[in-house]
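# pasting the structure only:
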C-alpha cells in the first residue's frame with residue numbers, strides 16, 4: 001500500500017519516546033482500530049479534492065468516534 005506521498009503526517013507525532021515504547025495514541029485501542037481509522041482516513045486537500053470523494057468523514061479520534069456512533073445507529077436499524 002502506498003504512503004500518503006508527503007511527510008505532513010509526521011508532524012502529528014508529539015512524543016517520539018512514547019511512540020517508540022509502544023505507547024502511542026492507538027496503543028490501548030488495538031491494531032484493528034488503528035487499521036480501520038487509517039484505512040478510512042483521507043485528507044481534504046489531497047484525496048477529497050483530487051479524487052472527488054467529498055468531505056473527510058473524520059479528522060481525529062474524537063470525530064472518528066462520532067462517525068462510528070452515527071453508523072452504529074444505522075446498523076442497529078438493520079437488525
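Yep, that arrived. Being a predicted model, the structure only gives us computed values, none of them experimental.
# Name the residues of the longest helix seen in the chain that are buried.
Assignment by DSSP state H gives helix 61-77 as the longest helix of the chain. Under the neighbour-count criterion of 16 or more other Cβ atoms under 10 Å, helix 61-77 has 64, 67, 68 buried. Quick note: C-beta positions are derived from backbone N, CA and C, even for glycine.
# which one of these sits closest to residue 54?
Using Cβ to Cβ, residue 67 comes nearest to residue 54 of the buried residues of helix 61-77, at 13.5 Å.
# got a list of contacts for the longest helix of the chain?
Contact with helix 61-77 is made by 25, 37, 57, 58, as judged by Cβ atoms under 8 Å, 6 or more residues apart in numbering.
# Sort out for me which of these are in helices.
Per DSSP H, those map to helices at residue 37.
# Please, which helix or strand holds residue 17?
helix 16-20 (DSSP states H and E).
# quick one: buried residues of that helix?
So, applying 16+ other Cβ under 10 Å, helix 16-20 has no buried residues.
# Turn the contacts of helix 61-77 into CSV, columns for pLDDT.
CSV is the format used below for these (pLDDT from 0 to 100):
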residue, pLDDT
25, 86
37, 90
57, 85
58, 88
